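Colleague: Structure of the sequence below:
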Amino acid sequence: MAKYLIDTTVLINHLRGKTAALDFINKKEQLKISCVSLAELIQGARNKKELEQIKKLVSLFAVDWGSARINQKAVEILEKRYLKFGITYFDCLIAAAAMENNLELITDNLKHFRPIDGLTVRRPAELV
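Modeller: Residues are numbered from 1 along each chain as shown. Take a look at the predicted model:
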């Protein structure tokens, strides 16, 4: 069973070869990603080579494909946090997936995620 949900920022940093992301992903088991992160990575691919690198990376993780409950929770978070913190709906979906699955969210985007009540957020460097 997964223990951590990995945010898009950590996946991007892994693809860019950043040490903390590499060390965390290479040393940890029980990792999961949201389908939102998968979609964001695919949209960020500039060519077939990058798309293949993304596919190889995401094959290491279980993917949370979402649910009605996750979508409902994401809208609740958005209502509470958008005006004050500028969090996007996609970040709300990622946060809701972590919360609904009782997972810690691993991210380098603390600005948007830390203000969410009930969400445990850590940087990858804290866990290596």
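Colleague: Helices along the protein, start to end?
Modeller: Counting by DSSP state H, the chain has helices at residues 8-15, 19-27, 35-44, 48-58, 68-85, 89-100, 110-113.
Colleague: most tightly surrounded among these?
Modeller: helix 89-100 (a mean of 24; mean count of other C-beta atoms under 10 Å). C-betas here are computed from N, CA, C, even on glycine.
Colleague: In CSV, list the C-alpha atoms belonging to that one.
Modeller: Extracted C-alpha coordinates of helix 89-100, given in CSV (Å, rounded to 0.1, in the frame of the first residue of the first chain):
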residue,chain,number,x,y,z
TYR,A,89,-8.0,23.4,-9.2
PHE,A,90,-5.3,20.9,-10.4
ASP,A,91,-3.4,21.4,-7.1
CYS,A,92,-6.6,20.9,-5.2
LEU,A,93,-7.2,17.6,-7.0
ILE,A,94,-3.7,16.5,-6.0
ALA,A,95,-4.2,17.5,-2.4
ALA,A,96,-7.6,15.8,-2.3
ALA,A,97,-6.2,12.6,-3.7
ALA,A,98,-3.6,12.6,-0.9
MET,A,99,-6.1,13.3,1.8
GLU,A,100,-8.7,10.8,0.6
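Colleague: residue ranges with poor pLDDT in this protein?
Modeller: Along the chain, segments meeting pLDDT under 70 span 1.
Colleague: which ones are touching the residue nearest the centre of the chain?
Modeller: Computing the C-alpha centroid of the chain and ranking residues by C-alpha atoms, centre = their mean puts D7 first, at 1.8 Å. Counting by C-beta atoms under 8 Å, 6 or more residues apart in numbering, D7 touches S37, I94, L105, I106, T107, D108, N109, F113.
Colleague: Tell me if I'm right that the last one and T107 touch.
Modeller: Think F113. Yes. With contact defined as C-beta atoms under 8 Å, F113 reaches T107; the gap is 5.5 Å.
Colleague: List the contacts of stretch 102-122.
Modeller: Contact partners of stretch 102-122, identified using C-beta under 8 Å, 6+ apart, comprise 2-7, 9-10, 13, 21, 24, 32, 77, 80-81, 84-88, 91, 94-95, 97-99, 123-124, 127.
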